[in-house]
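K.L.:
Just need the structure, nothing else, for what follows:
(chains A and B)
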Amino acid sequence: MKALRKKIRELFEKGEVDAVLGYREDPASGEVKAAVFKKDETLDDMVFDGRCIQNLVNYLPTLVARYRKVGVVLKGCDGRSLVTQLVEHRINKSQIIALGVGCEGVEIDGKEAEKCYDCATHMSPIADHEFGEKGEKREPAFAGVEEIEKMSPVERWKFFADYFAKCERCYACRQICPSCYCEICIADQQEPKWIEPSAKLSANTMWHLIRAYHLAGRCADCGECERVCPQDIPLRLLNNALEEAVHEMFGVRPGTVPEEVPPLVVLNKDDPDRILEGKNE
Amino acid sequence: MANVGVFICHCGVNIASKVDVKRVVDTLKRMPEVGFAHEYKFMCSSPGQELIRKAIRDSKINRVVVAACSPRMHLPTFQTALATEGLNPYLVSMANIREQCSWVTDDPEKATQKAIDLVARQIKRVVHQDPLDDINVPMTKAALVIGGGIAGIQAALDIADGNRKVILVEKSPSIGGRMAQLDETFPTLDCSQCILTPKMVEAAQHPNIEIRVNSEVKKVDGYVGNFEVTVERKATYVDAQKCIGCSICQEKCPVKIVPDEFNAGLGTRAAIAIPFPQAVPAVPVIDPDYCRKLTEDKCGVCAKVCPAEAVVFDDAPMRDTINVGAIVVATGYREMDPGIYTEYGGRKFPDVITGLQFERLVSSTGPTGGDLKRPSDGKVPKTVVFVQCVGSRDESKAHAYCSGICCMYTAKHTMLYKHHVPDGQAYVSYIDVRAPGKTYEEFVRRAIEEEDVRYLRGRVAKIRRLQNGQYRVYTEDTLVGRAVHIDADMVVLASAVEPQKDAVGLAQMLGIAYDADGFYTEAHPKLKPVETASAGVFLAGACQGPKDIPASVQQGSAAASKVLSLFAKDTLIKSPQIAVVDPTACTGCLTCSYVCHYAAIEEKEFGKRQVAEIIPGKCQGCGACVATCKGKAITLAGFSDDEIYEEIVSCK
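P.N.:
Presented below is the predicted three-dimensional model:
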């Protein structure tokens, strides 16, 4: 933390950043929230610990429009998120100083967040400066996915239908997701109306499946959608299942390798062709 | 307000025998969008088209649905009918009630119901169709011909005679191709060089043709009318501008051990050489793998004797970009290496040679100066066996296809042999004799009847070298049903015609299709024999499949006529059915640019943001970007969401 603060001060002094996006502890409530630090502000209340669960990358597109150069504190999963955003030309790397901090896991209500069990990298895959323990890269186990894959199709459908039926269509999952940035969301389109806006099972299912498919090969598993869902729908299960499928076919995990173009939008000669080979289930 | 005219075609009995056409008309008449509905026996006929035109004039219809065959057949016909009446041609839609209905539905009741559904859907769709205007794209009226064989030369000459510039790119040091290697040609036995060299010279002297030998295409960008092609000239170490073609360098060069490619590997040549006496251009090339100056920095004799000071040892490859509007691919073929036929001793036994090597052995410009001597000991071969279908029609070992030319050239070889060795005996082992061309069959009969060539029907099993230097050819005569063997002094293998080694790489560069063997695929096997799937790229000669000289010349001329008719227009008219970006909905993620096969998507500034922009000239309307755009910011004109959606939701 000391080193991080020192580096940020140095960056400010050299004029290499105009603002730094990090986490601040509210001295009154003790809550930790995303915050923008500017040159002459104190860094004393900047923190980095298990309470820093928010994915800061979500704020970057707004900040780079306002500031010439932005520093950003990144956990491993947030770093993956940043990579996906750079590849999709959402943000220009020249405007970003990535401050990767070795993450030892974050908490929800005092308990280690579930996504941390499936953490692929503790350190951001893209970092101009690294702080703390780098840790080792791992292959996520996705125990949850394994469990639902054991279910019969009928059981699995019931499992998800029970959750989808509860969806309020508040679109918090969409708003929090860095990769959900369409100018006009398919759920909001009126002509033609692809998804009915009312919160009922068929339309809700449509919404969640479209979202999952749009994120296939792009979702960096920051887990924010699941965290903010007021109905506790296990949204990561959908994203993780697709991440696994893409990994199995193309050997790629979104965001883990800087500048890697998502495999579903490029055609390579040695891509597997399971559909043509008739090997799809 | 949309006022749709609906026209149902009987297609003779093709549709009317299954579909109750009258009922279709009566049902659809009741749809609120329909202002006019009619049936007719043949909508594509002139009276049929007149029906549409009259309805536009009299019933004031402003959208048209024709229910007939596939739009691939007759959509342009009906579009023209609309255009003649001043209606935008993109306001017509076709329902395919033939291939997709009457031909595939047994029950007339079901067929009629299906026809009603199919047409109703198009009525719903056509209401949402927007008028579109054709796109005019400027073009470069110059052509690139890849390959300087007879097909490429013919294409280049025809295009150049049509008063258009041609750049003829050839990778070897001279144009002429395979035909330059041949001695005489079937079925007239005229000398190959004598009929080819006038064309080579004409190409070289033509003011509209620029020949680039020792050059290869490295990159192809752009699209029909506006290709940007990167061509690389290899280092030749001889300044073609200064060289006077005296060939003194070739005589004085001490390194005379270079295998002679022009002689199909028979004999050797110098490290600096003009490939053959009539080469165009007659400029030698140094082989950097053998030249002592370039390998060991010794010698340099060629530079010393050159009267024109044309030898430059510090030559390097050179790349430049040329702009052309059309490309003719005429890269030809290569002869299969018979080495895989170990039972024939191909490449192992010195006197078991290929057809092309035989051509060189009897040619006056060949390694023996035209005397037929066998390679091993220079003896005149008194018995020769010609083996057909080596690598052709033999799926188990090489290729399933027939190489097409070998039956004829083997008949020619036997005659050439008899002319060189009148007391010799020629045998031919064949499966079938395929001689379908004009006067071809007569030619083969001439070999059999006048030259006493013995044709044995059967496949050769094995060739063994004997102690006395002869070769025992084990074969069979299936017509009498017995195994035979012949002791021969020389064996000639009619080795298969194969695509060039780098054929697939070039196809991928050009974006044209190729078959499992590597031959380039034409756009339609019957009706578009020289076109490819890529607009503006045409095929000529054996790169598209095994071909003899007449067929290659025909294709060369055919490709040239395609190029000239393309260039006859002032601008290129392109279908307006291309992708269009709505910049207000575009997030600028540029995922579309990754999936675009035609490099048609670029970045552009829109307000403070970067968004995608489609280059109309490049877009081919494939729709890949439309499908990949999650924000639905891209629309394919003529296939908008509205149109498709209406079509789908009207399904019952």
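K.L.:
Only C-alpha atoms from now on, for both contacts and neighbour counts.
P.N.:
Fine.
K.L.:
who touches stretch A:159-169?
P.N.:
With contact meaning CA atoms under 8 Å, 6 or more residues apart in numbering or on different chains, stretch A:159-169 is reached by A:Pro197, A:Ser198, A:Ala199, A:Lys200, A:Leu201, A:Asn204, A:Thr205, A:His208, A:Gln231, A:Ile233, A:Pro234.
K.L.:
Phi and psi next, for the closest residue to B:Ile286 other than its chain neighbours.
P.N.:
Nearest residue to B:Ile286, sequence neighbours excluded (CA to CA, 6 or more residues apart in numbering or on different chains): B:Ile272, at 4.2 Å. The phi/psi pair for B:Ile272 (degrees, to the nearest 10) reads phi -120, psi 120.
K.L.:
Look at B:Ile272 and report its pLDDT.
P.N.:
Predicted confidence (pLDDT) for B:Ile272: 96.
K.L.:
Now do the helices in chain A.
P.N.:
For chain A, the helices defined by DSSP state H occupy A:2-14, A:60-66, A:76-87, A:143-150, A:153-164, A:172-176, A:201-215, A:224-228, A:235-250.
K.L.:
Now do the longest one: which elements does it pack against?
P.N.:
Okay, so that is helix A:235-250. With contacts defined as 3 or more CA pairs under 8 Å, 6 or more residues apart in numbering or on different chains; DSSP states H and E, the packing partners of helix A:235-250 are helix A:143-150, helix A:201-215, helix A:224-228.
K.L.:
roughly how far out does the last one sit from the chain middle?
P.N.:
If I follow you right, that is helix A:224-228. Centroid displacement of helix A:224-228 relative to its chain, using CA atoms, centre = their mean, to the nearest Å, is 10 Å.
K.L.:
on that earlier part again, and the residue nearest to B:Ile286, what is it in contact with?
P.N.:
Contacts for B:Ile272 (CA under 8 Å, 6+ apart) come out as B:Cys249, B:Gln250, B:Cys253, B:Pro284, B:Val285, B:Ile286, B:Asp287, B:Cys291, B:Cys302.
K.L.:
before we move on, what about B:Ala81?
P.N.:
Contact partners of B:Ala81, counting by CA under 8 Å, 6+ apart, are B:Gln49, B:Glu50, B:Ile52, B:Arg53, B:Pro89.
K.L.:
again, only this time at 10 Å
P.N.:
By CA atoms under 10 Å, 6 or more residues apart in numbering or on different chains, the residues touching B:Ala81 are B:46, B:48-53, B:56, B:75, B:87-89, B:92.
K.L.:
Kindly report the same for B:Ser247.
P.N.:
B:Ser247 is in contact with B:Ile272, B:Ala273, B:Ile274, B:Pro277, B:Ala282, B:Val283, B:Pro284, B:Cys302, B:Cys306, counting by CA under 10 Å, 6+ apart.
K.L.:
go on, B:Ile8?
P.N.:
B:15-16, B:21-22, B:24-25, B:37-43, B:65-68, B:94-95, B:97, B:115, B:119.
K.L.:
re earlier: what's the spacing between the residue nearest to B:Ile286 and B:Asn263?
P.N.:
Relative to B:Asn263, B:Ile272 is positioned 16 Å away (CA to CA, to the nearest Å).
K.L.:
same check, this time on A:Glu224
P.N.:
Taking CA to CA, one finds A:Glu224 at 72 Å from B:Asn263.
K.L.:
which parts of chain A sit against chain B?
P.N.:
A:65, A:85-91, A:180-186, A:189, A:191-194, A:210-211, A:213-215, A:261-262, A:264-267 (CA under 10 Å from any CA of the partner chain).
K.L.:
one more time with 7 Å, if that's ok
P.N.:
A:Glu88, A:His89, A:Arg90, A:Cys182, A:Glu183, A:Ile184, A:Cys185, A:Ile186, A:Pro192, A:His214, A:Val265, A:Val266 (CA under 7 Å from any CA of the partner chain).
K.L.:
right, and B:Ile431 touches B:Val460 too?
P.N.:
No. Contact between B:Ile431 and B:Val460 fails when scored by CA atoms under 7 Å: they sit 9.9 Å apart.
K.L.:
Which one's more surrounded, those two?
P.N.:
More neighbours surround B:Val460 than the other of B:Ile431 and B:Val460, with 25 against 18 (other CA atoms under 10 Å in any protein chain shown).
K.L.:
Could you chop the chain up by domain?
P.N.:
Defaulting to chain A. A:2-131, A:143-265 (automatic domain parsing).
K.L.:
other chain: chain B
P.N.:
B:4-127, B:142-234+B:317-332+B:511-567, B:248-305, B:334-498, B:578-636.
K.L.:
re the thing from before, widest-spaced pair of the contacts of B:Ala81?
P.N.:
Within those, B:Ser46 and B:Asn88 form the most distant pair, 19.6 Å apart (CA to CA).
K.L.:
So between the two, which is more surrounded?
P.N.:
B:Asn88 (19 against 11).
K.L.:
just the helices and strands packed on helix A:235-250: most buried one?
P.N.:
Stretch with highest mean neighbour count among the helices and strands packed on helix A:235-250: helix A:224-228 (a mean of 20; mean count of other CA atoms under 10 Å in any protein chain shown).
K.L.:
Residue nearest the middle of chain A, spatially speaking?
P.N.:
In chain A, the C-alpha nearest the mean C-alpha coordinate belongs to A:Cys222, at 3.2 Å (CA atoms, centre = their mean).
K.L.:
contacting residues for the nearest residue to it once chain neighbours are set aside?
P.N.:
Sequence neighbours aside, A:Cys77 is the residue nearest to A:Cys222 in space, at 5.4 Å (criterion: CA to CA, 6+ apart). Counting by CA atoms under 7 Å, 6 or more residues apart in numbering or on different chains, A:Cys77 touches A:Thr121, A:Ser124, A:Ala220, A:Asp221, A:Cys222.
K.L.:
Could you report the distance from A:Cys77 to A:Thr121?
P.N.:
As judged by CA to CA, A:Cys77 and A:Thr121 stand 7 Å apart.
K.L.:
same thing with A:Asn55?
P.N.:
A:Asn55 is 15 Å from A:Thr121, by CA to CA.
K.L.:
Equivalent analysis for B:Cys586, please.
P.N.:
Taking CA to CA, one finds B:Cys586 at 32 Å from A:Thr121.
K.L.:
so who does B:Val649 touch?
P.N.:
B:Val649 neighbours (CA under 7 Å, 6+ apart): none.
K.L.:
Next: B:Glu85.
P.N.:
The contact partners of B:Glu85, by CA under 7 Å, 6+ apart, come to B:Arg53.
K.L.:
got it, and B:Leu266?
P.N.:
Shown in contact with B:Leu266 (CA under 7 Å, 6+ apart): B:Asp260, B:Gln357, B:Pro367.
K.L.:
where does the chain dip in pLDDT?
P.N.:
Looking at chain A here, since you left the chain open. A:275-281 (pLDDT under 70).
K.L.:
wrong one, chain B
P.N.:
In chain B, residues with pLDDT under 70: B:652.
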